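Asker: everything below, folded, please.
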Amino acid sequence: MKICVLGGTWFLGRAVAQAALDRGWEVSAFNRGRSGVAPEGTREIHGDRTVREDLVRLAQEGPWDAVIDTSASELAPKDVLAGAEVLEPVAGSYVFISTVNAYRGWPDEPLTESSEVLDGPADADLDYGRLPANWTGPDWYYGRQKAGAERASVQAFGTSRASILRPGVILGPGEYVGRLPWWLRRASKGGAILAPGDPGKTIQPVDVRDVAEFALARAASPGGGAFNVTAPLGRETMGGFLTACLDATGGAGELVWAPDGLLIESGVAQWTELPLWRTHAGVWSIESSRAQAAGLRCRPLAETVADTWEWMQGGGMPVEHPRWAEHGISLEKEEEILAKLRG
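Answerer: The predicted model follows:
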C-alpha cells in the first residue's frame, strides 16, 4: 500500500505512519514541519492545509491508495473539504479521524453509530474553540466542527470511499493531552491517592496504536462508513485502570475512593482535575461492536498503562500542547478531600 498521512508527527498521526512502515507500506506525511518528527522512513512533504497552492503541490506527489487524515483538530470544515477535494482524484479512499464529540448526545446519552450527529455543515468557516454566532443550543463548537469535517470528507470522496473513525479517549505512548501521564506521575508519588467515583465503573479508553492499526485496516478495506473506536463496553474499569497505574510505577500508593457527590461538592472539575472521571451517563457508554467486527482489536488497558510508563521513564516527551496544563488536581486540594473522607 501507498498512503499519505495528513499529519504524521504527533501522537496518532505518528503512530499511523509507524504502523504503516512496519507493514512495509510506502508512507508520505504532509505537515507544516513545525513540531514533532515523522518516523524514520517516512517521506515528508511540508505545507499548510489552509493554502490551496500547497494542497495542489501535495496532490502532484500522488497517487496514493489512501489518505489518512489525523490532523484536522484545528481546521474549519471548509479547509478539510478543500483538501479532500484536491486529493480525491489521486487517492483511492479517505480515512478521517473524528471523535465521539460529533454526536449530539455525547456525553449525556449512550451512543451507537446510528445516533444523531451534530449539524455542522461541510463548508463551515468557524474559529476553533468558539461557539458559532447566535448558537443557543446545548452543543459545543468542537463537536459541530468535527461533524462538519466528517461531512466534508464524505462530500469529497462519497460514502463508499470515506471511512469516519470516532474515537473517545485515546491513551498510550506519546500522549500530549496528559491524562494518563498525570495519573502515572501521581501513582509514582505514593501515599493516599484520591480515586474518583466507583472503582467498578466502566471506562473505554483506547490505545493509540490500536486506533492506528484500525485506521490502516480501513485504508486497506473496500467500502466506507462510520465506526466508533473505543474499548469494548464493560471490559475495563476505573479501579482496574488506577490499579494498573500503581502496578506500573511500583505499587507504593493507596487508592482512597471518593463518591461522586463529595467530589462535585468539593468543586472538582470533571474530566480534567481527576482525568477520565466524569459523571455523565453516556461518557463511557459507547457501542463499538461495528468497529470490532471490522477488525478493531483493543489491547488490555493495563498494557497501555505499562507501556506509557516505560516510554516516560525512557525519556519520552510529547509534543508540547496547552491541554497538558489543564490536567491534574493540586496536592493541597486532594489532601482537603482526603481529610473529609477520614472524617
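Asker: helix/strand/coil for the residue lying closest to Pro318 once chain neighbours are set aside?
Answerer: Nearest residue to Pro318 in three dimensions, chain neighbours excluded: Tyr176, at 3.8 Å (CB to CB, 6 or more residues apart in numbering). The way it works is simple: take the backbone N, C-alpha and C, and place the C-beta from them, glycine included. Under the three-state scheme (DSSP: H, G, I helix; E, B strand; the rest coil), Tyr176 adopts coil.
Asker: what number of residues lie near Tyr176?
Answerer: 18 (other CB atoms under 10 Å).
Asker: next: the one 10 residues further on.
Answerer: If you count neighbours by other CB under 10 Å, Arg186 ends up with 23.
Asker: for it, give its distance to Ser330.
Answerer: 11 Å (CB to CB, to the nearest Å).
Asker: and what of Ala195?
Answerer: 16 Å.
Asker: more neighbours: these two, which one.
Answerer: Ala195 (21 against 9).
Asker: contact partners for that one?
Answerer: By CB atoms under 8 Å, 6 or more residues apart in numbering, the contact set of Ala195 is 238-239, 242, 255-258.
Asker: roughly how far apart are the residue nearest to Pro318 and Ser35?
Answerer: Counting by CB to CB, the gap from Tyr176 to Ser35 is 10 Å.
Asker: between those two, what contacts are shared?
Answerer: 10, 319-320.
Asker: ok, of the contacts of Ala195, which come out buried?
Answerer: 238-239, 242, 255, 257-258 (16 or more other CB atoms under 10 Å).
Asker: among those residues, which lie within helices?
Answerer: 238-239, 242 (DSSP state H).
Asker: possible to save those residues as CSV with pLDDT and distance to Val16?
Answerer: Output for these, formatted as CSV (pLDDT from 0 to 100; distance: CB to CB, whole Å):
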residue, pLDDT, distance to Val16
Met238, 98, 28
Gly239, 98, 31
Leu242, 98, 29
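Asker: between the residues you listed, which sits nearest Ser71?
Answerer: Met238 (30.7 Å; CB to CB).
Asker: does the closest one touch Trp183 like I think?
Answerer: No: counting by CB atoms under 8 Å, Trp183 is not a contact partner of Met238; they are 10.5 Å apart.
Asker: now do the shared contacts for those two.
Answerer: In contact with both Met238 and Trp183: Leu276, using CB under 8 Å, 6+ apart.
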